[in-house]
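Colleague: Below are the sequence and a predicted model; questions follow.
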Amino acid sequence: MRPDAVRSALDVELAAARARRGGDQPRVLDVGGGSGVFAVPMAQAGCAVTVVEPNPNALATLHRRATDAGVADRIVAVQADSDVLATVVPDADADVVLAHGLLEVVDDPKATVAALVGAVRPGGVVSVVVANRYSAVLHRALAGKLAEARRVLVDPAGRTEDEALLRRFDVDALTALLVDAGLTVEVLQGAGALADLVPGSVLEASQEALAELELVAATTPALRAIASRLHAVARRPA
Ligand SMILES: C[S@@+](CC[C@H](N)C(=O)[O-])C[C@H]1O[C@@H](n2cnc3c(N)ncnc32)[C@H](O)[C@@H]1O
């Protein structure tokens, strides 16, 4: 897997968790883990992963992927909604809790973040990836969808009425959500700032150079502000 900004930040946390556990498997909880886009590589990296996911089709794909990758024994899948997280996983147990692509779709993001915080051990981290409102504006404008771009820009939730997702975030809104939950935001970076803008021919021909460019763009504030996704790593106080 080509290193990207999200994975690089997570690898730092997993290495620290492994050292803290004296070389034992870090424990990862992936809430809204879907078909295992993150869970399977984390298991391949030697983590014990629990996926909490309500969609049975996604769980079936996760099972298939985990089996194909030879890591089915390192992944526990729980069919459940984040609303009941505290009843299906132990309190304060995970070294790293992932919520990637989740906060855009839950009914109450504050309650969800509180549940994520309850599941991470003191000193551990919550990793959040969310859709960025300003990227959605930019991409619509570039596609000539100007009315939609304006709507996403002025709408309090950063969306149009006919979208499935309930909200998008920006750097300030994401930071406030995490800080209000008692977390310390240690990383706030962008993903897909430039890779989602360049033509397909460049994507194909220059993968390595683009990946290196993305790593720098991720933490460059002006480019982070327009990245497709925002990634935060936020620590629960020890
Ligand atoms: C955009 S996908 C992200 C999947 C995965 N985390 C990833 O990054 O590839 C969002 C996932 O959240 C799940 N989901 C939606 N509402 C949820 C909820 N209330 N609690 C837990 N998961 C939920 C969906 O079924 C879906 O699999």
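Modeller: Received it, and whenever you're ready, just let me know what you need. A quick note: this is a predicted structure, and the numbers were derived from the prediction, not measured.
Colleague: Val125: what secondary structure?
Modeller: Applying DSSP: H, G, I helix; E, B strand; the rest coil to Val125 yields a three-state assignment of strand.
Colleague: now the longest helix seen in the chain, how far from the centre of its chain.
Modeller: Looking across the chain with DSSP state H, the single longest helix is helix 5-20. Relative to the centre of its chain, helix 5-20 is centred 14 Å away, using Cα atoms, centre = their mean, to the nearest Å.
Colleague: next one: stretch 53-62
Modeller: Stretch 53-62 sits 17 Å away from the centroid of its parent chain (Cα atoms, centre = their mean).
Colleague: what's in contact with it?
Modeller: Stretch 53-62 is contacted by residues 30, 32-36, 39-40, 51, 75, 77-81 when judged by Cβ atoms under 8 Å, 6 or more residues apart in numbering. The C-beta positions use only the backbone N, C-alpha and C, and glycine is treated the same way.
Colleague: Ok, stretch 164-175 next?
Modeller: Applying Cβ under 8 Å, 6+ apart, the contact partners of stretch 164-175 are 103-107, 109, 128, 130-134, 136, 152, 157-159, 177, 185, 188, 224-225, 230, 232.
Colleague: cool, and stretch 130-144?
Modeller: Stretch 130-144 is touched from outside by 101, 103-104, 146, 148-149, 152-153, 158-159, 165, 168-170, 174, 190, 192, 196-197, 225-230, with contacts defined as Cβ under 8 Å, 6+ apart.
Colleague: Can you tell me the SS state at the closest residue in space to Thr50 that isn't next to it in sequence?
Modeller: Setting aside the residues directly before and after it, Thr50 is nearest to Val76 in space (Cβ to Cβ, 6 or more residues apart in numbering), at 4.6 Å. Following three-state DSSP, Val76 is assigned to strand.
Colleague: distance of Ala205 from His139?
Modeller: Relative to His139, Ala205 is positioned 22 Å away (Cβ to Cβ, to the nearest Å).
Colleague: The least confident helix or strand in the chain by mean pLDDT: what's the following helix or strand?
Modeller: Ranked by mean pLDDT, DSSP states H and E, the weakest helix or strand in the chain is helix 200-205, scoring a mean of 84. Next in sequence after helix 200-205, counting helices and strands by DSSP states H and E, comes helix 207-217.
Colleague: Please enumerate residues in contact with that following helix?
Modeller: Residues outside helix 207-217 that contact it (Cβ under 8 Å, 6+ apart) are 2-5, 8, 190-195, 198, 202-203, 223-224, 227.
Colleague: Please repeat the previous calculation with a cut-off of 6 Å.
Modeller: 2, 5, 193-195, 223 (Cβ atoms under 6 Å, 6 or more residues apart in numbering).
Colleague: Return the members of these classed as buried.
Modeller: Buried by 16 or more other Cβ atoms under 10 Å: 5, 193-195, 223, out of the contacts of helix 207-217.
Colleague: Could you save those residues as a markdown table and add columns showing secondary structure, distance to the ligand and pLDDT?
Modeller: Shown next, in a markdown table, are these (DSSP: H, G, I helix; E, B strand; the rest coil; distance: Cβ to the nearest ligand atom, whole Å; pLDDT from 0 to 100):
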| residue | secondary structure | distance to the ligand | pLDDT |
| --- | --- | --- | --- |
| Ala5 | helix | 14 | 94 |
| Ala193 | coil | 18 | 92 |
| Leu194 | coil | 20 | 92 |
| Ala195 | coil | 16 | 89 |
| Leu223 | helix | 21 | 97 |
